[in-house]
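coordinates only, sequence not included:
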């Protein structure tokens, strides 16, 4: 079985995901076969593996950092919030059902065997497993039947490194208070402390570090700086979702309340002169070069939100001027004439769509999830997407609804796709300057984003060469190496290897 080490945090967004990814990269660079693991993840950013299972995007990112193929074994439980008190439960990559928070809290003890089985299968194939916790281990109201923090550390017999966020202030209180709220046997499992997101002169921290080490009898194994790095983020706490300033090429992504898979648009940020702004208010939209309606976990409710806050009217106005609008997954469903939910998958009943494409979406009980390969259809003649005609891509689909054209409507296919050995089929449609499809990751394939940005630049008279870019793969590899180099310099890796070797 693999050696294990676990990264826990004093709070959400303390940097657990990045530290886990960085350690995965460091161990891989040092010649070990390493895998990430998170028993339970709550996020709307998900991914479809090569064998058709759904898992959290953060563990996909960490697997990429480790240089290994993502596997649903790395994230056996994924909770996708559907509202403020309930989530869709994904177990071993497949929909298990919808549960309210209280119902899930009472049920989760039944999931323990699934977590153990997934971890043991993963551990058998790797030298090192880097485990990520969730939130804080000191949530004393949630400790019963815990599967993701100290409960998981006990299952894996993994020593724990506890990370605190100095950027938010009170890091010594975070670390001390978290450990003091643990049970005595759990305290013994915390073998190192990490002060994360530090800006400034580290020597200023030294008196505090000396005192906290003496008080807690746990070594501080590193002070990690605030890292300006561009890799896929886990959830809606991501800094990249803050609205920024418009650049030479301005892409506005509507930040829906239940936004999912916003990583679909990270690729555009590789271009120096391109802004990707996440918009929540009508006053923020301004005059972008392209509007994107992203995926959502609740299409009908988020469409009503758009309608109520005035963004829908501005999107319709933008489209009426001939400017491009692109919808993916839930955003694609919003572009149609009607959305119907006879089985109460979301809200039940029906809702009028935005009417930009003559389509009808009906929600079904079964989730459609698959990897796809395809190409843009040769009928694509738009000034914005015409140069993508016959361009190939790969991606994946995750959706509950099925979308079809209305009888007698005149629409051209956007893409032709294949799933596995199935014959080629139409996916998505376009009409003049409005485009939509279900394919997540459609812009990630080399040349797709670049061709689209170059087309917009040509229309605006902007020098495309001045925008500069790297291939997506090359760019990601550089970012993972930067993360590893930064953490290797900031952490006492000799001490971490000693902790890993000694275990608990």
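Received, thanks. It should be emphasised that the depicted structure is a prediction, and the values quoted were computed from it without experimental measurement.

what's the longest helix along the chain packed up against?
Looking across the chain with DSSP state H, the single longest helix is helix 472-490. Other helices and strands packing on helix 472-490, by 3 or more C-beta pairs under 8 Å, 6 or more residues apart in numbering; DSSP states H and E, are helix 16-29, helix 57-66, strand 220-225. Bear in mind the C-beta positions are built from the backbone N, C-alpha and C, glycine included.

what stretches of the protein score poorly on pLDDT?
For the chain, the stretches flagged by pLDDT under 70 are 233-244, 469-471.

most residues in a single strand of it, which one?
Using DSSP state E to define each element, the chain has its longest strand at strand 359-376.

Please report the number of neighbouring residues for residue 360.
For residue 360, the neighbour count with other C-beta atoms under 10 Å is 20.

returning to that earlier point: going by neighbour count, which residues of the longest strand of the chain are buried?
Within strand 359-376, the residues that qualify as buried are 359, 360, 361, 362, 363, 367, 369, 371, 372, 374, 375, 376, counting by 16 or more other C-beta atoms under 10 Å.

Stretch 98-108 now?
Result for stretch 98-108 [16+ other C-beta under 10 Å]: buried residues 98, 99, 104, 108.

Please state the offset of it from the chain centre?
Between the mean C-alpha point of stretch 98-108 and the mean C-alpha point of its chain there is a distance of 23 Å (C-alpha atoms, centre = their mean, to the nearest Å).

show me where the stretch 351-500 of the chain has helices.
Applying DSSP state H, counting those that start in this stretch to the stretch 351-500 of the chain gives helices spanning 448-460, 472-490, 493-502.

The longest one relative to helix 448-460, how many degrees between them?
Translated: helix 472-490. Put simply, helix 472-490 runs at 110 degrees to helix 448-460, going by axes from the mean of the first three to the mean of the last three C-alpha atoms, to 10 degrees.

Show me the contact partners of helix 472-490.
18-19, 21-23, 25-26, 29, 64-65, 222-225, 227, 229-231, 267, 270, 444-446, 449, 469-470 (C-beta atoms under 8 Å, 6 or more residues apart in numbering).

Save the buried residues of strand 359-376 as TSV, and put in distance to residue 285 too.
What follows is the buried residues of strand 359-376, written out as TSV (distance: C-beta to C-beta, whole Å):
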residue	distance to residue 285
359	24
360	27
361	24
362	30
363	28
367	32
369	32
371	33
372	31
374	31
375	32
376	27
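
how about those residues, which pair is most distant?
The widest separation within those, taken as C-beta to C-beta, falls between 363 and 375 and amounts to 28.2 Å.

any idea what sits nearest residue 47, other than its immediate chain neighbours?
residue 60 (4.6 Å; C-beta to C-beta, 6 or more residues apart in numbering).

Can you get me a residue count around residue 385?
Residue 385 is flanked by 22 other residues according to other C-beta under 10 Å.

any idea how far residue 257 is from it?
29 Å (C-beta to C-beta, to the nearest Å).

Repeat that for residue 2.
Spatial separation of residue 2 from residue 257 under the definition C-beta to C-beta is 39 Å.

ok, back up a step: helices or strands next to the longest strand of the chain in the packing?
When contacts are defined as 3+ C-beta pairs under 8 Å, 6+ apart, strand 359-376 sits against strand 46-48, strand 338-341, strand 392-405, strand 412-418, strand 425-431.

Between strand 425-431 and it, find me the angle.
Going by the same axes, to 10 degrees, strand 359-376 makes 110 degrees with strand 425-431.

Within the sheet, what are the partner strands of strand 359-376, with directions?
strand 338-341 (parallel), strand 392-405 (antiparallel), strand 412-418 (antiparallel) (DSSP bridges).

Buried residues of the second one, list them for me.
I take that to be strand 392-405. For strand 392-405, by 16+ other C-beta under 10 Å, it's 393, 395, 396, 397, 398, 399, 400, 401, 403, 405.

Name the nearest residue to the last one, ignoring sequence neighbours.
If you skip the residues right next to it in sequence, residue 405 has residue 411 as its closest partner in space, 5.4 Å away by C-beta to C-beta, 6+ apart.

just to revisit the earlier point, could the helices and strands packed on helix 472-490 go into JSON lines alongside mean neighbour count?
Written out in JSON lines, the entries for these read as follows (neighbours: other C-beta atoms under 10 Å):
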{"stretch": "helix 16-29", "mean neighbour count": "26"}
{"stretch": "helix 57-66", "mean neighbour count": "27"}
{"stretch": "strand 220-225", "mean neighbour count": "20"}
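
Would you mind measuring the gap between the ends of stretch 377-386?
With C-alpha to C-alpha, to the nearest Å as the measure, the first residue of stretch 377-386 is 10 Å from its last.

who touches it?
The set of residues that contact stretch 377-386 without belonging to it, under C-beta under 8 Å, 6+ apart, is 290, 324, 376, 388-390, 412-416, 426, 430, 432-433, 435, 452, 455-456, 459.

Of these, which count as buried by neighbour count?
The neighbour-count test (16+ other C-beta under 10 Å) marks 290, 324, 376, 388, 412-416, 426, 430, 433, 435, 452, 455-456 as buried among the contacts of stretch 377-386.

among the residues you listed, which two are most distant?
Of all pairs in the buried ones among the contacts of stretch 377-386, the most separated under C-beta to C-beta is 426 and 456 at 25.7 Å.

for whichever helix or strand residue 36 is part of, the distance to its chain's centre please.
Per DSSP states H and E, residue 36 falls inside strand 34-37. When C-alpha coordinates are averaged (C-alpha atoms, centre = their mean), strand 34-37 and its chain have centres 17 Å apart.

likewise stretch 127-135?
Averaged C-alpha coordinates place stretch 127-135 at 17 Å from its chain's average position (C-alpha atoms, centre = their mean).

Now it: buried residues?
Buried residues in stretch 127-135, defined by neighbour count with 16+ other C-beta under 10 Å: 128, 129, 130, 131, 132, 133, 134, 135.

Tell me which of the residues you listed fall in strands.
Using DSSP E, the members of these that fall within strands are 128, 129, 130, 131, 132.

State the distance from the residue nearest to the fourth one when sequence neighbours are not counted to residue 150.
In other words, residue 131. Excluding its sequence neighbours, the residue lying closest to residue 131 (C-beta to C-beta, 6+ apart) is residue 6, at 4.1 Å. Applying C-beta to C-beta, the value for residue 6 to residue 150 is 9 Å.

what about those two, which has more around it?
residue 6 (28 against 23).

got a list of what the more buried one touches?
Under the criterion of C-beta under 8 Å, 6+ apart, the neighbours of residue 6 are 130, 131, 132, 133, 152, 153, 156, 158, 159, 160, 161.

Rebuild those residues as a markdown table, extending it with distance to residue 484.
Compiled in a markdown table, the contacts of residue 6 are given as follows (distance: C-beta to C-beta, whole Å):
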| residue | distance to residue 484 |
| --- | --- |
| 130 | 12 |
| 131 | 18 |
| 132 | 16 |
| 133 | 21 |
| 152 | 24 |
| 153 | 24 |
| 156 | 23 |
| 158 | 21 |
| 159 | 21 |
| 160 | 21 |
| 161 | 16 |
